[in-house]
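Trainee: Sequence plus predicted model, see below.
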Amino acid sequence: MTNALKSKLFGLVIPLIAIGFGFLAGAVIMLVSGNNPIDGYVALFQGVFGDAYYFGETLQRMTPLIFSGLAVAFAFRTGLLNIGVEGQLIVGWFTSVFVGITVEAPMAIHLPLSLLAGALAGALWGFVPGLLKARFQVHEVIVTIMMNYIAMHVVNHFIRNFMLESGQRTAFIHGSSSLSSDFLADLTNFSRLHWGFLIAIGACVLMWFLLWKTKKGFELRSVGYNQHASSYAGMNVNLNIILSMSVSGAFAGIGGAMLGLGTYNYANILPSFTNYGFDGIAVALLGASSSVGIFLSAFLFGGLKEGANNMQGQAGVAPELVEIIIALIIFFVASSYLIRWIYSRLQSSKKEGK
Amino acid sequence: GCGEGNDDTTPVNDGADNGNEVTENDGNNEAAGDGEGFSAKMVTDVGGVDDRSFNESAWAGLTMFGEDYPDVEVDYIQSSDASDYAPNLNRLAREGTDLSFAIGFLMLDDIRTVAEQSPDQNFALVDDVVRDENDELVENIANLTFAEHEGSFLVGVVAAMHTETDHIGFIGGVESPLIKKFESGFKAGVKYVNPDIEISVQYAQDFNDASRGQQIADTMYGNGADIIYHAAGGTGNGLFTEAIDRAQNGENVWAIGVDQDQALTEGEWAEGNVILTSMVKRVDQAVYQVAEDTMNGNFPGGEILEFGLEDDGVGIAETRDNVSEEAIEAVEEYEAMILNGEIEVPQTDEEYDEFEDSL
Amino acid sequence: MEYVIEMNNIRKEFPGIVANDNITLQVKQGEIHALLGENGAGKSTLMNVLFGLYQPEKGDIKVRGEKVNITDPNVANDLGIGMVHQHFMLVQNFTVTENIILGSEPVKRGKIDHRKAAKDVADISDQYGLRVDPNAKIENISVGMQQRVEILKTLYRGADILIFDEPTAALTPQEIKELIQIMKNLIKEGKSIILITHKLKEIMQVCDRCTVIRRGKGIGTVNVAESTENSLAEMMVGREVTFAVDKTDASPKEVVLSVKDLHVQDSRGVDMVNGLNLDVRAGEIIGVAGVEGNGQSELIEAITGLNAPKKGTIHLSGKDITSHKPRKVTESGVGHIPQDRHKHGLVLDFTVGENILLQTYYQKPYTSNGILNYPKMYDKARQLIEEYDVRTPSERTLARALSGGNQQKAIIAREVDRSPDLLIAAQPTRGLDVGAIEFIHKKLVEERDKGRAVLLVSLELDEVLNLSDRIAVIYEGEIVAIVDAKSTNEKELGLLMAGGKKEAGEPQS
Amino acid sequence: MDQFLLILYTIVPAALIAATPLLLTALGGLFSERSGIVNIGLEGLMVMGAFAGIVGTLYFESVGLGAASPWLGIIVAIVLGAIFSLFHAVASITLKADQIVSGVALNFLAVGLTVFIVREVFERGQTDTISARIFRTNVPILSDIPIIGPMFFSRIFATTYIAFILAVIVWYVVFKTPFGLRLRSVGEHPMAADTMGIKVNRMRYIGVMLSGAFGGMGGAVYAITTAGNFAGGTIVGQGFMALAALIFGKWHPLGAMGAAIFFGFAQALSISAQQIPGLANVPQVYMLILPYVLTILALAGFVGKAEGPKALSQPYEKGSR
Ligand SMILES: Nc1ncnc2c1ncn2[C@@H]1O[C@H](COP(=O)(O)OP(=O)(O)OP(=O)(O)O)[C@@H](O)[C@H]1O
Ligand SMILES: Nc1ncnc2c1ncn2[C@@H]1O[C@H](COP(=O)(O)OP(=O)(O)OP(=O)(O)O)[C@@H](O)[C@H]1O
Ligand SMILES: [Mg+2]
Ligand SMILES: [Mg+2]
């Protein structure tokens, strides 16, 4: 029991050490490139915690990341690599906005309907690779990559030809489908923090519940680990693969809706990918595909990206540094073997010392 | 006008070139001629401050402003992606910046929101016009637009005078009203000179895919076009690559640059430069002027400023080694006609169709 | 220089366990030396130390009298030590030749010299009587063939000390016979052999001496000629073991499983079952005997719903279950112990508890309204772990961490506890030690006595003979004969399995 | 008919040129994945290659090496790509990190690091434009062959031919030589390879470093022949397309070649179609998504199941199973 507890604790310590290493490496890079790391990090932290506005923006920024992280993790748990979160998010964004603009209904109906539309669109975008995988054994990685491009071009086409309002965007959605919140904005000095943040927390709980507390989750995990044994145990492997990709897509789609209904209240022509989907891969992996982990790593990501802006303004450090730090943190988490090894070295030398 | 690209390039001001300190500002906009305490800053779009396009140009204008008035404070913040616009504008507002520029029409909605939240501060948007819910201009936002269509008209004239195949091409980045201005003006210029010239138009739907740009150019040149104008950011790099390659092969092809005098940075190869000319857009002058006016207490809030041929807001580039005397004369002639209203340059597809019918 | 191999006081630890604790093993030149022990006793570990895959914490190794430091398999190869591993070390999609030459390829102008390689392989296989098809892909050849490739690999490298880790676990009786002959040939050519096996009969048959280990500790070395199966078993387990399955006569009742004119194809579309008929009654164990690849797997897959038959019907207690989905078949009352426990039987990364509930997790009380009740699941798991003597630290331990025997017990607990009308047991004791085998056999007989129908499919003739009440011989996808277990013998079965007719006994092509 | 041929004369060379960086990078991915290491970091390796290629070319230009500069730039990219791939190798082989995670980290690092360095060196977010170029060439004699000549031997970069020759060489190395046999054995069954005295981790290091070298070359070829300079947005998605080509080609060099040509062809078709009379009126969105839809259809229709090396993504630990 104490052993189990110890290993659990250790599992928490590793990401922390990894983050420490990542920042340390960032400091070295700052030194080498002639910046003052202390100024840099002070600016970074002030850029996140220094003002309610920035903190609100950080939370706003992490909201879609939570969803894309959950999407990647959900598929991952079922043994699938969903690189298509980007595309699923894009169609979710567009579709939720489409419903937000075209439908008129009271908020109690309109908002859930718009969210649902986003989820369904994302689910459809996940369903296709899931189906192809189940039916023709087509590798999901290729199909999801292709679906990303299709999503972007199709959505741009629809906006450009049918919904263009000003510049590159659609009209604003009706207030009845908006997640924007005056309350949260006031609380955070006019940040774009919106109710979606709470939905994201709910989604974390939902994924945890789905995977660990439901019958379906049991099956999905089982299929993820061993398809053969699962089908011997009477589970429908193909159905579970399709389901997993669809649910994953739905998470991503809602992530898109967070942008469409919360942050921006419109959709716009995308000159290139949003990168939320690709960042989601990193968020999920850093969070060890667990709900709590994803929440925390989305915060780390959101915070680093938000703080990076202040870092360049206040300390003159290039925002790319943050990308390097993120890469190194992921590297150290992935290489927890190294940390364990150092730890066990320390332990044994302690023993010998006695 | 093609800074919409996803150029992730976000270099930084390491303080050396702009020598500014973060000074606490009391928030009062005292209009003093010496610039004491006045601050003018800008937020770049994702192109970054050195995008060889309008961000860079805007920063050049601010830098010059800072040099001419050593007591003013100038600075910029770069945006790594679209979600940075609002926080970055807010950041400037919060610092008490007297005049905050948003570079690029992508920041249209963000600047409106931020300006509403900080009614005591002055803002300026480059490349578009901000209107509130009632379709009215916003009091504390100055709108800086450019007559890209007019500039494009002139390079269209140059192209028409130079083509030997009577076939000219235009490559656009992502299709949008702004890029349509380039396209319409350019086509109008060409047709005005010679309505029989064939014009091929293609949008890459990407500001950053050089490979696509190269293939589009390849196909256009292959189909007989000999001059291609682009308004496509990084995608345009593919055009230059293709033009250089064909020139090296002995073909007589040309490319026309955009936003800045691109011949200075691109298009060079062993035996010359494939850039015939460029359509430049003087964002620097516009920014400088608005900053200076604001400092002097004449903030053009709630106004639409269009920088056109008149005030050299747009025009053809200084580098004209490859342009014939004749063409330059024609350009001057047409420029005068535009200025005196004889020619109304179209900005949209509809206007262009009318224009073409009228020829 | 009496000993070719001397391993003295070897100690090897894994996190949390001492796999080898002060073990000594001495092998004489030219002998077949048996290494015996329960599952998890540490045999494979000891051999992996000898082969250089593991480094021991303590102890020393002498080869032909000289002290050596075997840091990796290359060193072992150079010392003439070759190993045939428990889990075959073959690259499935390589050819036989490629597998043999891997690591010491003959080269001509930078290219693998396939002609020379083929010739070398042919030479060795002639010399030792190891027939193989050098160009066949491993994935397409039988297990027995694969084993020959493993042996050829060691010989190709000039090994003269050969380690066989459970070589017979997956072989057919015929293949075992051939293997024994091969080992005898090898000894004649001057090689020495270390043989790990759980089959005492084989030890008695071919080995000269036997070293027994128990729970990582050396128990001793004996001359086989002076021992009996019983004495060896006792040394190994530490208590007396009964071999004969203790059972009364069967009292078969109504037909539970009825298979009529069944035709099944395998995944590649080859006809594997061709018009098979079989009835299994309540209260009897029917053993299906046959050489591997005669349609056993496809028969089971068809019954359990994993593979829809092309033609024919399957009835369970009178109900048609042909082409039903696995879940429906299970619910109709079929339990299934699959032959490959790692691939089909267990989700190794699930806990033991989750694995035990793998067939029932969705039923009440473990699931209600789609929500799992983990406390109830683990309660149930604990109860079964106790009941079936699954040795695991806890119900929350990952199945991966259990020994093969205990993994198998967990599967049996899961399948038997549901009281299925029909229990299908495929190779239920493959690779297990005598203690575990004893337990599993007892369980199967108990189920029969409770009135279940048991369908046993095994390549192990002894097991089929000992356990079954009736024996159905399968040949080329048909049941060619059904014989009474008490009135038949290995010889008759062997003949039938090879396609001989029961009465006439004339072999078919 | 003539019209049709003329179209092909444009599309085929364009397809081959577009296929070149994908093919090179996919060949790199092949070495890595055949050795059992998933390489989702191909994108990052291309970024690094593009960076090194351009910076190298600019440097050699500046020291007056003229036309040789881009070639030397490519060599720099190969070397730097191989070195940079050590990041992935150390993490996933020695430190037994999850290979997908490590690849993702590599992608992040490549973009961050290169742009950071570009800023240090050029004091701006993108490099200068190279002026020493690699030019398209016509192959003497062969380009005069009717029909085939203008399609395959005219107006193509030498780098394209090099890539196709490399594909054949890679096929030979992987399937005909002892090195290839060992590499593949390590990716299929590392423990078997280990027992045969093959140094599993060393082979995997070699596999990953080769992927770095080829990926670097792919990125450099793209940057030098097409983009002309380097910025954070020069490589966006090509690495993922290369990965797709590798899987599409079933981890076979010639298969990857086919897949890369397929992608290139679909892209060239979609671009040129807009200037082909008759196709010009098809809404552009169909043309834009054509390459991707075709790929999915091809996979579902006739390519089907692609099985990677068996030990792919599993770190090798002695004695585990
Ligand atoms: N790689 C390993 N890591 C950790 N523990 C191991 C490892 N290999 C073996 N063990 C442990 O060492 C002990 C001995 O294992 P070993 O494989 O030697 O048993 P064995 O005698 O060969 O059993 P079997 O008859 O089942 O083949 C077991 O308890 C096992 O749990
Ligand atoms: N990496 C490992 N970690 C922990 N235990 C291990 C590991 N590898 C093997 N073992 C354990 O070693 C013991 C014996 O392993 P061995 O390879 O001999 O398998 P086994 O029990 O005979 O099963 P089977 O022969 O059916 O595969 C088992 O207890 C097994 O769980
Ligand atoms: Mg063993
Ligand atoms: Mg065993």
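Mentor: Alright, I've got the coordinates. Ligands and ions are numbered 1, 2, ... in the order given.
Trainee: and the stretch 1-150 of chain D, which residues reach chain B?
Mentor: The stretch 1-150 of chain D comes close to chain B at residues D:9-10, D:14, D:17-18, D:111, D:115, D:118-119, D:123-126, D:128-129, D:131-133, D:135-136, as judged by C-beta under 8 Å from any C-beta of the partner chain. (C-beta placed from N, C-alpha, C; glycine too.)
Trainee: Buried ones among these?
Mentor: D:9-10, D:14, D:17-18, D:111, D:115, D:118-119, D:124-126, D:128-129, D:131-133, D:135-136 (16 or more other C-beta atoms under 10 Å in any protein chain shown).
Trainee: Among those, which ones are in strands?
Mentor: Judged by DSSP state E, strands contain the following of those: D:Arg136.
Trainee: Sort out which of the buried ones among the residues of the stretch 1-150 of chain D next to chain B are in helices and list them.
Mentor: Applying DSSP state H to these, the entries found in helices are D:Tyr9, D:Thr10, D:Ala14, D:Ile17, D:Ala18, D:Val111, D:Val115, D:Val118, D:Arg119.
Trainee: Dump those residues to CSV, plus pLDDT.
Mentor: Supplementary listing: those in CSV, determined by pLDDT from 0 to 100:
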residue, pLDDT
D:Tyr9, 86
D:Thr10, 84
D:Ala14, 90
D:Ile17, 93
D:Ala18, 93
D:Val111, 92
D:Val115, 91
D:Val118, 89
D:Arg119, 82
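Trainee: Which of those sits closest to D:Ser272?
Mentor: For those, the closest approach to D:Ser272 (C-beta to C-beta) belongs to D:Thr10, at 5.5 Å.
Trainee: Please name the nearest non-neighbouring residue to that closest one.
Mentor: B:Gly222 (4.7 Å; C-beta to C-beta, 6 or more residues apart in numbering or on different chains).
Trainee: mind listing what D:Leu254 touches?
Mentor: D:Ala167, D:Val168, D:Trp171 (C-beta atoms under 8 Å, 6 or more residues apart in numbering or on different chains).
Trainee: so the last one touches D:Ala256, yeah?
Mentor: Looking back up the chat, that one is D:Trp171. No - using C-beta atoms under 8 Å, D:Trp171 makes no contact with D:Ala256, being 9.6 Å away.
Trainee: what does chain C have sitting close to ligand 1?
Mentor: Contact residues, chain C versus ligand 1 (C-beta under 6 Å from any ligand atom): C:14, C:17, C:19, C:37, C:39-45, C:86, C:403-404, C:433.
Trainee: From those residues, which land in strands?
Mentor: C:Phe14, C:Ile17, C:Ala19.
Trainee: Select from those residues the one having the most neighbours.
Mentor: Highest neighbour count within those, by other C-beta atoms under 10 Å in any protein chain shown: C:Ala19, with 22 neighbours.
Trainee: Next, the spatially most central residue of chain C: secondary structure please.
Mentor: With distances taken as C-alpha atoms, centre = their mean, C:Arg430 lies nearest the centre of chain C, 3.2 Å away. State at C:Arg430, reduced to three classes by DSSP: H, G, I helix; E, B strand; the rest coil: coil.
Trainee: what about the chain, any weak spots by pLDDT?
Mentor: Using chain A here. Low-confidence segments of chain A (pLDDT under 70): A:1-9, A:348-354.
Trainee: you looked at the wrong chain, it should be chain D
Mentor: Within chain D, the set of residues satisfying pLDDT under 70 comprises D:1, D:303-304, D:319-321.
Trainee: Give the buried residues for the particular helix or strand that has A:Gly92 in it.
Mentor: In this assignment (DSSP states H and E), A:Gly92 forms part of helix A:85-102. Under the neighbour-count criterion of 16+ other C-beta under 10 Å, helix A:85-102 has A:85-101 buried.
Trainee: could you dump that helix to CSV, C-alpha only?
Mentor: What follows is helix A:85-102, C-alpha atoms only, in CSV (Å, rounded to 0.1, in the frame of the first residue of the first chain):
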residue,chain,number,x,y,z
VAL,A,85,-8.1,16.9,-33.7
GLU,A,86,-7.2,20.0,-35.7
GLY,A,87,-9.7,19.3,-38.4
GLN,A,88,-12.4,18.1,-36.0
LEU,A,89,-11.9,21.3,-34.0
ILE,A,90,-12.2,23.4,-37.2
VAL,A,91,-15.5,21.8,-38.3
GLY,A,92,-16.8,22.1,-34.7
TRP,A,93,-15.9,25.7,-34.6
PHE,A,94,-17.6,26.4,-37.9
THR,A,95,-20.7,24.3,-37.3
SER,A,96,-21.4,25.8,-33.9
VAL,A,97,-21.1,29.3,-35.3
PHE,A,98,-23.3,28.3,-38.2
VAL,A,99,-26.1,27.3,-35.8
GLY,A,100,-25.3,30.3,-33.6
ILE,A,101,-26.0,32.6,-36.6
THR,A,102,-28.8,30.9,-38.5
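Trainee: So is the following helix or strand past that helix next to chain D?
Mentor: Next helix or strand after helix A:85-102 toward the C-terminus (DSSP H and E): helix A:107-136. Yes - against chain D, helix A:107-136 shows contacts by C-beta under 8 Å from any C-beta at A:Val128, A:Leu132, A:Arg135, A:Phe136.
Trainee: tell me the contacts of the first one?
Mentor: It stands for A:Val128. Shown in contact with A:Val128 (C-beta under 8 Å, 6+ apart): A:Val143, A:Met147, D:Ile296.
Trainee: Could you check how far it is from ligand 2?
Mentor: When distance is defined by C-beta to the nearest ligand atom, to the nearest Å, A:Val128 is 38 Å away from ligand 2.
Trainee: And for A:Asn189?
Mentor: Distance, A:Asn189 to ligand 2, using C-beta to the nearest ligand atom: 54 Å.
Trainee: try C:Ile440
Mentor: 13 Å.
Trainee: What of D:Lys96?
Mentor: Counting by C-beta to the nearest ligand atom, the separation of D:Lys96 from ligand 2 is 13 Å.
Trainee: what's the helix or strand for that residue?
Mentor: Counting by DSSP H and E, D:Lys96 is found in no helix or strand.
Trainee: Please identify the buried residues of the top helix by length along chain B?
Mentor: As assigned by DSSP H, the longest helix anywhere in chain B is helix B:177-193. By neighbour count with 16+ other C-beta under 10 Å, helix B:177-193 contains the buried residues B:178-193.
Trainee: Ok, stretch B:241-250 next?
Mentor: Quick answer for stretch B:241-250 (16+ other C-beta under 10 Å): B:Thr241, B:Glu242, B:Ala243, B:Ile244, B:Asp245, B:Arg246, B:Ala247.
Trainee: follow-up on the earlier one: for the contacts of A:Val128, pick the one with the most neighbours.
Mentor: Going by other C-beta under 10 Å, A:Met147 tops the contacts of A:Val128 with 29 neighbours.
Trainee: so who does D:Gln275 touch?
Mentor: With contacts defined as C-beta under 8 Å, 6+ apart, the neighbours of D:Gln275 are B:Ser200, B:Gln202, B:Thr219, B:Met220, B:Asn223.
Trainee: Quickly check those residues for the two that are furthest apart.
Mentor: Maximum distance among the contacts of D:Gln275 (C-beta to C-beta): 10.8 Å, for B:Gln202 and B:Asn223.
Trainee: the more surrounded of D:Trp171 and D:Ala256?
Mentor: Shown here are D:Trp171 and D:Ala256; by other C-beta under 10 Å, D:Ala256 has more neighbours (29 against 19).
Trainee: Just list the residues touching that one, thanks.
Mentor: Applying C-beta under 8 Å, 6+ apart, we find D:Ala256 in contact with D:Leu23, D:Ala26, D:Leu27, D:Leu30, D:Ala167, D:Ala245, D:Leu246, D:Phe248, D:Gly249.
Trainee: Cool, thanks, signing off.
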